[in-house]
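> A structural model of the following input is requested.
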Amino acid sequence: MNTSTPQSPIHFGLGNRVCIVTGGAQGIGAACAQRFARENAKVIVSDVNDAIGRQLAESIGGVYIHCDVGNKSEVDALVSQVMALHGRIDVLVNNAGIFKVADFLDIAEEDFDAVLRVNIKGAFLMGQAVAREMAKQGSGSIINMSSVNSVLAIPNLASYNVSKGGINQLTRVMALSLADKGVRVNAVAPGTIATELAAKAVLTSEEAKNKVMSRTPMRRLGTPEEVADAVAWLASDASGYVTADIITIDGGRMALNYTVPV
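Alright, predicted model coming up:
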């Protein structure tokens, strides 16, 4: 099974643009940060995993800033630091997210609250704080991280599914509210991507991997780099007439109404 893809040779003209990636220490977030760095953008990696986040930022010539996106004071501090450092914000990737695995009847209230606090409230707080600065400068692109599970559902990931459905509506509301201010807002909705999160949530055994492959027409996992390419496009002027959209990156899964043999 081929799960690798070469680095995209395509460039989207993001040189010197100031790009914040939340949840940027690993997985899709790290791939986005690295993609922006290859564009010679000014990259701010934000996470709560300080050791890994700082190491990544140093390796790509970016800046690391600790931020719990569910905490408004930390969000405001992050935006203030970026404005003090660069004087503008051009791109926000709202990637920070968590999940809790539990059967529906066993979900603890505190776990449900924790997922929505990061995945929905965090995206709202970051989006609002950054959009205020983008509106002042009259330009900017915000990309929220959704999922195919915003529409489909995995029974033991109820709070995650709910949060990603909310991200789709948050994306649309933000986009409509900010359209006349020069700020575009879109989301990407990955299918099963070869990340640490997927390994813990859905790729837990060979049987589980085969189930994923059976519902994926391209018969392979996506890579973080493939998601990052779509994010880079949405961040750029090449997508200048695209807003309020949710771009699905799933190897054909959402279009399939049956399973394919593995």
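> contacts and neighbour counts: CA atoms only from here.
Fine.
> which helices and strands sit right next to the helix or strand containing Ala114?
Using DSSP states H and E, Ala114 sits within helix 109-116. Where contact means 3 or more C-alpha pairs under 8 Å, 6 or more residues apart in numbering; DSSP states H and E, helix 109-116 is packed against helix 158-178.
> and the contacts of the next helix or strand after the helix it packs on?
Moving toward the C-terminus from helix 158-178, the next helix or strand (DSSP H and E) is strand 183-190. If you take C-alpha atoms under 8 Å, 6 or more residues apart in numbering as the criterion, strand 183-190 is touched by 131, 134-135, 138-148, 150, 168, 171-172, 174-175, 178, 227, 230-231, 234, 242-250.
> relative orientation of strand 183-190 and helix 158-178 in degrees?
160 degrees (axes from the mean of the first three to the mean of the last three C-alpha atoms, to 10 degrees).
> what about strand 183-190, distance to the chain center?
Distance, stretch centre to chain centre, for strand 183-190: 9 Å (C-alpha atoms, centre = their mean, to the nearest Å).
> partners of it, with directions?
strand 140-145 (parallel), strand 246-249 (parallel) (DSSP bridges).
> show me what the mean pLDDT comes to for that strand.
Regarding strand 183-190, the rounded mean pLDDT is 98.
> do the same with stretch 98-118
pLDDT averaged over stretch 98-118 gives 97.
> pLDDT below threshold where in the stretch 101-250 of the chain?
199, 201-202 (pLDDT under 70).
> now the nearest residue to Ile246 once chain neighbours are set aside: how far from Ala123?
Nearest residue to Ile246, sequence neighbours excluded (C-alpha to C-alpha, 6 or more residues apart in numbering): Ala187, at 4.6 Å. Shown here: Ala187 relative to Ala123, a distance of 11 Å by C-alpha to C-alpha, to the nearest Å.
> in a markdown table, list the strands paired with strand 183-190 along with distance to Ala33 and mean neighbour count.
Output for the strands paired with strand 183-190, formatted as a markdown table (distance: least, C-alpha to C-alpha, whole Å; neighbours: other C-alpha atoms under 10 Å):
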| stretch | distance to Ala33 | mean neighbour count |
| --- | --- | --- |
| strand 140-145 | 13 | 28 |
| strand 246-249 | 18 | 21 |
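> got those strands as JSON lines, with distance to Val75 columns?
Shown next, in JSON lines, are those (distance: least, C-alpha to C-alpha, whole Å):
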{"stretch": "strand 140-145", "distance to Val75": "15"}
{"stretch": "strand 246-249", "distance to Val75": "24"}
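> wait, Gly138 touches Ala179, no?
No: using C-alpha atoms under 8 Å, Gly138 is not in contact with Ala179; the gap is 10.2 Å.
> tell me, what's touching Ala187 and Ala123 both at once?
Asn144.
> ok, now which ones touch Ile249?
Going by C-alpha under 8 Å, 6+ apart, the list of residues near Ile249 reads Val188, Ala189, Pro190, Gly191, Gly222, Val227.
> wait, which of those is closest to Asp103?
Gly191 (21.4 Å; C-alpha to C-alpha).
> distance of that closest one relative to Ile28?
From Gly191 to Ile28 the distance is 12 Å (C-alpha to C-alpha).
> can you report how many residues lie near His86?
His86: 12 surrounding residues under other C-alpha atoms under 10 Å.
> okay, the closest residue to it other than its chain neighbours: pLDDT?
Spatial nearest neighbour of His86, chain neighbours left out: Val18 (7.3 Å); criterion: C-alpha to C-alpha, 6+ apart. Looking at Val18, its pLDDT stands at 98.
> fine, thanks again, bye for now.
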